[in-house]
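**Q** this one's structure only:
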């Protein structure tokens, strides 16, 4: 990365840190927390259904992951810079996990919260105490907060120091993600504007347009208007869809467990005899 590029990105970080946190950044943090740990899938339609239902009971009380991120960040009055540090720790967590590690459905919530707490303590002279974080998180008690922080520190080998280049890379990753989301929205909007699904609306909107042997001519300006109209709704629909997917994952156990197995996890059941657990709470 050239020095010119670094200076541009640093200026972007400074500008972002002076602005309110955007929904795009919150969604990106939730997305990174969700992808940091491969999830195990637990079937509820086979043996020990009662035990598995108990496993999911507390998790069902949690909101979707994007909503949880939004809740904690707003209550803690977190800055964009601290969220960039959280992204760095989430990336480091993903790299430190063995390839056979599998997370419980509540793992993204706990790893996000622990990463946010550590990033806040590493980057700020004054930061909330764990008792305050328990109030911000609402769904986790002080004992949970203390344990998940301690175990994430152990997993990261107490290496939470972040270099400037780490922050720049996290910011660059967010920019690429945000741009990709915008491009996908524009592509989707253009496709929908030219699809047969919207033909009734197009015929009504363009009734005054001139026609030739090939039919009605649609100008670029009209297509652009469809992009503007549908881009915002597409984004909301995408967030709702992913939020629903995150909500349907499953429940909170007493621990945020990573399951390590010597062979590929096929059924990923809770009673897997060959697995051992290393938990982050």
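**A** Structure received. Not measured: the values here are computed from a predicted model. Residues are numbered from 1 along each chain as shown.
**Q** for this protein, what are the low-confidence residue spans?
**A** 1-2, 40-59, 185, 187-281 (pLDDT under 70).
**Q** One more pass at 80, please.
**A** 1-6, 38-61, 103, 180-281 (pLDDT under 80).
**Q** and the strand or helix carrying residue 95, what does it pack onto?
**A** Assigned by DSSP states H and E, residue 95 belongs to helix 80-96. Here helix 80-96 touches helix 3-17, helix 23-36, helix 107-123, helix 142-155, helix 164-193, going by 3 or more Cβ pairs under 8 Å, 6 or more residues apart in numbering; DSSP states H and E. In this view, the C-beta of every residue, glycine as well, is placed from N, C-alpha and C.
**Q** Would you mark the buried spots in the third one?
**A** Which is helix 107-123. Residues 107-121, 123 are the ones in helix 107-123 that count as buried (16 or more other Cβ atoms under 10 Å).
**Q** If you count contacts, what does it end up packed against?
**A** Applying 3+ Cβ pairs under 8 Å, 6+ apart, we find helix 107-123 packed against helix 23-36, helix 65-76, helix 80-96, helix 130-137, helix 142-155, strand 256-260, strand 276-280.
**Q** Show the subsequent helix or strand relative to the longest one.
**A** By that I understand helix 80-96. strand 102-103.
**Q** For that following strand, name the packing helices and strands.
**A** strand 256-260.
**Q** Of the buried residues of helix 107-123, which pair is most distant in space?
**A** By the measure Cβ to Cβ, 107 and 123 form the most distant pair in the buried residues of helix 107-123, at 23.7 Å.
**Q** Can you report how many residues lie near residue 146?
**A** Residue 146 has 16 neighbours, counted by other Cβ atoms under 10 Å.
**Q** count of neighbours near the residue nearest to it when sequence neighbours are not counted?
**A** Leaving aside its sequence neighbours, residue 146 sits nearest to residue 130 (Cβ to Cβ, 6 or more residues apart in numbering; 5.8 Å). Residue 130 has 15 neighbouring residues, counting by other Cβ under 10 Å.
**Q** roughly how far apart are residue 130 and residue 77?
**A** Here residue 130 is placed at a distance of 16 Å from residue 77 (Cβ to Cβ, to the nearest Å).
**Q** likewise residue 182?
**A** In terms of Cβ to Cβ, residue 182 sits 28 Å off from residue 77.
**Q** More neighbours: which of these two?
**A** Neighbours were counted for residue 182 and for residue 77 using other Cβ under 10 Å; residue 182 has more, 13 against 10.
**Q** before we move on, what SS does residue 128 have?
**A** Recorded secondary structure, residue 128: coil (DSSP: H, G, I helix; E, B strand; the rest coil).
**Q** Give me the phi and psi angles of it.
**A** Per-residue torsions, residue 128: phi -60, psi 150 (degrees, to the nearest 10).
**Q** Now do the contacts for it.
**A** Taking Cβ atoms under 8 Å, 6 or more residues apart in numbering as the criterion, residue 128 is in contact with 76, 120, 136.
**Q** wait, which of these is closest to residue 10?
**A** For the contacts of residue 128, the nearest to residue 10 is residue 120 (21.2 Å; Cβ to Cβ).
**Q** which non-adjacent residue is nearest that closest one?
**A** Nearest residue to residue 120 in three dimensions, chain neighbours excluded: residue 127, at 4.3 Å (Cβ to Cβ, 6+ apart).
**Q** any idea how far that neighbour is from residue 117?
**A** Counting by Cβ to Cβ, the separation of residue 127 from residue 117 is 8 Å.
**Q** Same question for residue 162.
**A** Counting by Cβ to Cβ, the gap from residue 162 to residue 117 is 14 Å.
**Q** Tell me which residues of stretch 152-171 come out buried.
**A** By 16+ other Cβ under 10 Å, the buried positions in stretch 152-171 come out as 152, 155, 156, 160, 162, 166, 167, 168, 169, 170, 171.
**Q** Could you dump these into CSV and include distance to residue 146?
**A** Shown next, in CSV, are those (distance: Cβ to Cβ, whole Å):
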residue, distance to residue 146
152, 11
155, 15
156, 16
160, 16
162, 22
166, 26
167, 27
168, 32
169, 30
170, 26
171, 30
